[in-house]
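# Sequence first, then the predicted structure, then my questions.
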Amino acid sequence: MTSQRWAVFQTNTTENIDENKRHIERLLESDDAIQSEVWVFPECSGYRYMGKGLLKFFKRTDNIVPWFQELAKCHQKWLIMGSFFEKVEGQRKAYNTCVVINPEGDIVETYRKIHLFDVDVESISMRESSAFLPGDSPKIVQIGPFKIGLSICFDCRFPELYRVYADEGCDVVVIPSSFTTPTGMLHWHTLCRARAIENQCYVVAPNQSGIGANQVPTYGHSMIVDPSGSIVQEAPQEGESVLSYVLKKECIQAIRHTFPVLECRRIGKGRSI
């Protein structure tokens, strides 16, 4: 097998977990979801803090991750659960953690967001480090024919992470996000395309729509970018939707053969100043 159909989910997740589950269940009825082998959800896909109450953290055994595990098992899909806010015993702060689940419902890999969103957006201060701890290592998972590098949202601004994945031979990188509208209008398309072009891999980037943290709107425009940097599927800015596309190993190989930029590098892997 050298190809695989993936589905990308754009959601408008809120603080109401039960309502979020109902919205996802409706999206799963679409042909794009049913016909795909791999499902990828945005950052904060089960619960998204909007600043309306107390920020909640969750153990892996609480009511978010097991629900996604049951979805994967029931539908026999690989599932990349964008992220959840992972409570860690003895820690006041949480991790923003991506979970990869196989069709048997087993967790096969987790990735903790390395780069935390500490910026000022249109006079609103966003300080993820006040509530979250940074992860400390890239993570790779094999799904069918594809080697996949994991990341979350703000990570996409740090190309050195994706160069690690390129050096390890990754075919796909996923960037589940809750990317804000102000920053998305400036950089979302450029960053996702750049990560694909410079590493000659697919970029799968589900994003949230609607209102996110601190009441800042999120940008939507979930997308799949091919290894040439072309956007092959894209959602609108508003609303929930499902995209699907067949990822092909041959497409990656053809681009890397025609433009062998990873082999032409003069600075990077194996070199030092």
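Sure, I can see it.
# now for the helix or strand of the chain with the lowest mean pLDDT, which elements pack on it?
Across the helices and strands of the chain, mean pLDDT, DSSP states H and E gives its lowest value to strand 124-127, namely a mean of 80. Judged by 3 or more CB pairs under 8 Å, 6 or more residues apart in numbering; DSSP states H and E, the packing partners of strand 124-127 are strand 118-121. Where C-beta positions appear, they are placed from N, C-alpha and C, glycine not excepted.
# what about the strand it packs on, distance to the chain center?
Computed by CA atoms, centre = their mean, to the nearest Å, the separation of strand 118-121 from the middle of its chain amounts to 20 Å.
# So what touches that strand?
126, 127, 128, 129, 180, 182, 183, 216 (CB atoms under 8 Å, 6 or more residues apart in numbering).
# Now for these, which sits with the most neighbours around it?
residue 180 (26 neighbours; other CB atoms under 10 Å).
# any idea what sits nearest it, other than its immediate chain neighbours?
residue 216 (5.0 Å; CB to CB, 6 or more residues apart in numbering).
# where's that neighbour relative to residue 137, distance?
Distance of residue 216 to residue 137, computed by CB to CB, to the nearest Å: 29 Å.
# mind listing what's buried in stretch 99-119?
99-102, 105, 107, 109-117 (16 or more other CB atoms under 10 Å).
# likewise stretch 28-41?
Buried-residue list, stretch 28-41, by 16+ other CB under 10 Å: 28, 30, 32, 33, 36, 37, 38, 39, 40, 41.
# how close does the third one sit to residue 233?
Residue 32 sits 9 Å away from residue 233, going by CB to CB.
# So for these two, which residues contact both of them?
Common neighbours of residue 32 and residue 233, counting by CB under 8 Å, 6+ apart, are 243, 244.
# ok, so what distance separates residue 241 from residue 193?
Taking CB to CB, one finds residue 241 at 20 Å from residue 193.
# now swap in residue 137 and tell me
In terms of CB to CB, residue 137 sits 26 Å off from residue 193.
# Of these two, give the one with the bigger neighbour count.
A count of neighbours by other CB under 10 Å puts residue 193 above the other of residue 137 and residue 193, at 19 against 8.
# SS state for that one?
helix (DSSP: H, G, I helix; E, B strand; the rest coil).
# Kindly present the buried residues of stretch 28-41 as CSV, with separate columns for secondary structure.
Shown next, in CSV, are those (three-state DSSP):
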residue, secondary structure
28, coil
30, coil
32, helix
33, helix
36, coil
37, coil
38, strand
39, strand
40, strand
41, coil
